[in-house]
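Trainee: Show me how the following folds:
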Amino acid sequence: MENTMADRLIHLNTAGAGLVPAEVRRTMAEVLDREAATGCYETEAHLDGIVNDEVYRRLARVLGAPVGDVALFDSATRAWCAVVPRLALGPGDRVWVTPYEYAGNLISLFNLRDRTGCRIEVVPTLPGGDLDLDWMAAHIADDVALVSVTHIPSGCGIVNPVEEIGRLLAPYRCFYAVDACQSIGQIPVDVRRIGCQLLTGAGRKFLRGPRGTAFAYVAPELRAALTADFHDLHVARIDSATGYRVDDHSARSLELAERSTAAVAGFNTALTLFEEGTPFDHKEVFGALRATLGAIEGIDLIAPGTEQSGIVSFRHPGADAVTVMARLAEQRINVWKIVGHHTPLYMAERGVDTAVRVSAHYYNTPAEIEEFGRALRGVLGERS
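Mentor: Numbering: from 1, shown residues only. Got it, this is the predicted structure:
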């Protein structure tokens with residue numbers, strides 16, 4: 001049962017962080033209490049079966065991946081940077097990205113380009129915002145070494161066709177990386193169906209885990225292709241049986257040495273709740289959200305693409321994003337301000353400096369969307 005404060009709140013910022021379930025909070029509190037009573041290392045040893053085994057098995061099932069191919073991190077960007085910068089590319093290699101790429105991933109790719117001489121190309125879009133799959137099919141060749149696709153961007157709700165792209169890329173030698181930060185927990189994600197070699201995501205968003213939890217699926221063939229500095233890296237972690245564990249063959253060898261036992265245990269509880277039946281049938285709420293925003297005069301929706309998720313961003317000439325967010329917060333409605341340079345190839349190049357992002361999840365109802373719409377009309381009316 002959620003607490004009464006959460007019951008009174010309309011949380012439309014799951015794209016930032018989901019509301020953490022009571023069960024997850026209890027797990028983390030119990031771990032912290034035990035750490036205070038018996039010690040941190042001793043607590044991790046006591047929970048070894050959960051934090052060094054069960055959580056990986058649950059995550060593997062959620063992703064449709066072998067357990068040896070998943071690893072835990074404290075952020076999705078760190079997960080991405082544990083792999084992509086270690087690719088052995090050269091001047092003859094091309095890297096494809098889409099206009100919806102997250103800035104943190106682009107920075108890593110630009111650094112890789114500057115260091116290796118590889119070329120970065122942006123996959124074009126059709127007039128409505130969908131990726132041009134015909135262009136991809138016509139231009140794919142064996143000099144394309146990496147294709148990076150964001151499943152759902154953080155600033156708008158387009159759902160990119162990652163499975164179709166995977167089928168298109170399958171005959172070629174390129175590695176395929178998918179950023180699933182905003183899709184995992186919101187829509188079905190299965191690495192086998194996608195056909196990718198790298199998939200990264202965060203625990204705190206639509207999976208409703210704690211902050212400081214993230215993950216990567218890294219296929220064996222991708223791990224084998226990483227540069228020598230990866231293969232020479234030995235990462236030690238506390239293990240109740242041996243004192244320290246060094247695992248150089250699975251994806252876990254990419255992990256950082258230090259982590260929060262409370263966060264990992266809490267993430268395991270969040271994955272347990274997800275496995276027990278988080279529904280994916282959100283179309284009524286998603287449709288109501290877009291219809292509500294689309295019916296408000298003067299709103300400029302940022303909603304490219306044919307297939308949409310539960311994330312919608314908008315601008316209004318009569319109210320800046322910070323004001324809208326603050327006025328709605330006064331009525332206990334959470335939305336968020338996004339900035340264009342977080343998705344620079346799409347937002348910034350289209351003149352989007354800031355916008356309001358609204359993101360719904362399964363705990364939101366059509367009645368809440370209706371109340372949000374009334375509140376937003378009032379806010380915009382005050383500013384017009």
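Trainee: Centre of the chain to stretch 253-272, how far?
Mentor: Relative to the centre of its chain, stretch 253-272 is centred 16 Å away, using CA atoms, centre = their mean, to the nearest Å.
Trainee: quick one: average confidence on that stretch?
Mentor: In this model, stretch 253-272 has an average pLDDT of 92.
Trainee: pull the CA atoms of that stretch into CSV?
Mentor: The C-alpha trace of stretch 253-272 is given here as CSV (Å, rounded to 0.1, in the frame of the first residue of the first chain):
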residue,chain,number,x,y,z
SER,A,253,33.6,-7.7,-15.1
LEU,A,254,32.6,-4.3,-16.4
GLU,A,255,31.0,-3.3,-13.1
LEU,A,256,32.3,-0.6,-10.7
ALA,A,257,33.9,-1.9,-7.5
GLU,A,258,31.8,0.1,-5.1
ARG,A,259,28.0,0.0,-4.8
SER,A,260,25.1,0.5,-2.4
THR,A,261,23.8,-2.8,-1.0
ALA,A,262,20.6,-1.1,0.0
ALA,A,263,20.1,0.2,-3.6
VAL,A,264,20.8,-3.2,-5.2
ALA,A,265,18.5,-5.0,-2.8
GLY,A,266,15.8,-2.4,-3.4
PHE,A,267,16.3,-2.8,-7.1
ASN,A,268,15.8,-6.6,-6.7
THR,A,269,12.5,-5.9,-5.0
ALA,A,270,11.4,-3.6,-7.8
LEU,A,271,12.3,-6.3,-10.3
THR,A,272,10.3,-8.8,-8.3
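Trainee: residues of it that come out buried?
Mentor: When burial is assessed from 16 or more other CB atoms under 10 Å, stretch 253-272 yields the following buried residues: 253-255, 259-271. (C-beta placed from N, C-alpha, C; glycine too.)
Trainee: Check which helix or strand Ala177 maps to.
Mentor: Secondary structure assignment for Ala177, by DSSP states H and E: strand 175-179.
Trainee: Show me what that strand packs onto, helices and strands only.
Mentor: When contacts are defined as 3 or more CB pairs under 8 Å, 6 or more residues apart in numbering; DSSP states H and E, strand 175-179 sits against helix 76-81, strand 144-150, helix 162-169, strand 198-202.
Trainee: right, so of these, which gets closest to Gly16?
Mentor: For Gly16, the closest of the helices and strands packed on strand 175-179 is strand 198-202, at 10.3 Å, according to CB to CB.
Trainee: Skip ahead from the closest one and say which helix or strand is next.
Mentor: On the C-terminal side of strand 198-202, the closest following helix or strand by DSSP H and E is strand 214-218.
Trainee: Just after that next one, pick out the following helix or strand.
Mentor: Going down the chain from strand 214-218, the next helix or strand is helix 220-225, by DSSP H and E.
Trainee: distance between that following helix and the chain's centre?
Mentor: Worked out by CA atoms, centre = their mean, helix 220-225 lies 22 Å from the chain centre.
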